[in-house]
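[1] Can you look at this prediction? I've put the sequence above it.
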Amino acid sequence: MNDYVIYALVATLGTWLVTALGAAVVIFFKYPSQKWLNVMLGFASGVMIAASFWSLLQPAIEGAEATLKTPAYLVATAGFLFGAIFMWASDKVVIFAQKRVIKAQTNQRLHRIIMLILSITLHNIPEGLAVGVAFGALAGDGYSPEGLMGAISVAVGIGLQNFPEGTAVSVPLRREGFSRKKSFLLGQASGMVEPIAGVIGALLVVYIESVLPYALSFAAGAMIFVAVHELIPECQKGQDTFPYSSTMGIIFGFATMMLLDVMLG
């Protein structure tokens, strides 16, 4: 297996591990602090927004200008929109499945559990692809510091937002009467698709070089969708009690990733 694919596998196993750590919260706490979750989700949002440009869109534009005949702005725009549309379609699949389950299943407890796990698992697929694409892109960079930093920043951003996702699965399961062990196992299982998607993403860009600019911008679109549609609204909970926790989390997350990307790039 290509070294870069192995790096992608290791990175996505790491993001899966963070999901498991988030799910493990249910073993020690009844429910984590809302303020802490707001800061963490906000920070992850800022990291993902910053990484989407400096680590994904900017390299996509530069790569398209260097290797493709299609105008770079068209490549970046098409890939970005397709990534966002892919995430939107994932949400639609969840809604469709939810309607089918409601018709076929009168057990509302089971219905809530199935939909919770399905929705987060679907969202983890493009996140794994994003990490895999970022590490697969190193094949063309030859271990350049900016390329490596970009790949790491994407993995860190995905990993940070995976922690509360793992918690978001395991805690409701515990509330529904599942044991701590079962709640943890099901919570961490939602992240199992990321290593698979990561390897697929890395293989695509390693062996089909022309796909790289599209894949990078696709990952950026998927990450922005997740940040804006999922993370930012979620981190706004409890605004009356903690009015600035999520906002400062977003600002410091963005500033941190911007600093690292620009300084090391």
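    Nice, I can see it. Residues are numbered from 1 along each chain as shown.
[2] For the stretch 101-250 of the chain, which segments are assigned as helices?
    Using DSSP state H, counting those that start in this stretch, the helices found in the stretch 101-250 of the chain span residues 108-136, 138-141, 145-175, 180-189, 193-207, 212-225, 232-234, 245-264.
[3] Pro59: which of those is closest?
    Counting by Cβ to Cβ, Pro59 lies closest to helix 212-225 out of these; the figure is 5.6 Å. In short, each C-beta sits where N, CA and C put it, glycine included.
[4] could you check the angle helix 145-175 makes with the closest one?
    40 degrees (axes from the mean of the first three to the mean of the last three Cα atoms, to 10 degrees).
[5] will you turn the helices of the stretch 101-250 of the chain into CSV that also has distance to Gly79?
    Formatted as CSV, the helices of the stretch 101-250 of the chain follow (distance: least, Cβ to Cβ, whole Å):
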stretch, distance to Gly79
helix 108-136, 10
helix 138-141, 16
helix 145-175, 15
helix 180-189, 30
helix 193-207, 12
helix 212-225, 3
helix 232-234, 22
helix 245-264, 19
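[6] what's the distance between Pro126 and Ala76?
    17 Å (Cβ to Cβ, to the nearest Å).
[7] Setting aside sequence neighbours, what's the nearest residue to the residue nearest to the spatial centre of the chain?
    Relative to the mean C-alpha position of the chain, the nearest C-alpha, by Cα atoms, centre = their mean, is the one of Glu127, at 3.6 Å. Nearest non-adjacent residue to Glu127, counting by Cβ to Cβ, 6 or more residues apart in numbering: Ile158, 4.9 Å away.
[8] The one you found is in contact with Thr15, isn't it?
    Yes: counting by Cβ atoms under 8 Å, Ile158 does reach Thr15; the two are 5.0 Å apart.
[9] start to end distance for stretch 229-243?
    20 Å (Cα to Cα, to the nearest Å).
[10] outside of that stretch, which residues touch it?
    34-35, 37-42, 44-45, 48, 87, 91, 123, 161, 164, 245-246, 249-250 (Cβ atoms under 8 Å, 6 or more residues apart in numbering).
[11] Could you find the closest non-adjacent residue to Ser42?
    Actually, residue 42 is Gly. It isn't Ser. Once flanking residues are discounted, Gly42 sits nearest to Gly249: 2.5 Å by Cβ to Cβ, 6+ apart.
[12] pLDDT wise, what is that neighbour at?
    Gly249 is assigned a predicted lDDT (pLDDT) of 86.
[13] again, but for Gly14
    Predicted confidence (pLDDT) for Gly14: 93.
[14] Next up, the contacts around it.
    155, 159.
[15] From Tyr7, how far out is it?
    11 Å.
[16] Kindly report the same for Ala24.
    Applying Cβ to Cβ to Ala24 and Tyr7 gives a distance of 26 Å.
[17] For the two, indicate the residue with more neighbours.
    Legend: neighbour count by other Cβ atoms under 10 Å for Ala24 and Tyr7, higher for Tyr7 (23 against 19).
[18] Hmm, that one is touching Leu138, no?
    Yes: in this structure Tyr7 lies within contact range of Leu138 using Cβ under 8 Å: 7.0 Å.
[19] Residues that sit against both of these two, list them.
    Jointly contacting Tyr7 and Leu138 under the rule Cβ under 8 Å, 6+ apart are Ala151.
[20] Show me how far stretch 35-43 is from its chain's centre.
    16 Å (Cα atoms, centre = their mean, to the nearest Å).
[21] which parts of that stretch are buried?
    For stretch 35-43, a neighbour-count test (16 or more other Cβ atoms under 10 Å) marks 37-43 as buried.
[22] Likewise for stretch 196-214?
    196-206, 209, 211-214.
[23] So what's the gap between it and the chain middle?
    Averaging C-alpha positions (Cα atoms, centre = their mean) puts stretch 196-214 17 Å from its chain's average.
[24] Now that stretch - C-alpha only, CSV.
    Extracted in CSV, the C-alpha atoms of stretch 196-214 (Å, rounded to 0.1, in the frame of the first residue of the first chain):
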residue,chain,number,x,y,z
ILE,A,196,-12.6,3.5,5.2
ALA,A,197,-13.5,6.8,3.5
GLY,A,198,-10.1,8.2,4.3
VAL,A,199,-8.3,5.3,2.4
ILE,A,200,-10.7,5.7,-0.5
GLY,A,201,-10.0,9.5,-0.7
ALA,A,202,-6.3,9.0,-0.5
LEU,A,203,-6.3,6.3,-3.2
LEU,A,204,-8.2,8.5,-5.6
VAL,A,205,-5.8,11.4,-5.4
VAL,A,206,-2.6,9.3,-5.3
TYR,A,207,-3.4,7.3,-8.4
ILE,A,208,-5.5,9.8,-10.3
GLU,A,209,-3.6,13.1,-10.1
SER,A,210,-6.1,15.1,-12.1
VAL,A,211,-8.7,14.4,-9.5
LEU,A,212,-6.7,16.2,-6.7
PRO,A,213,-7.9,19.8,-7.3
TYR,A,214,-11.5,18.6,-7.5
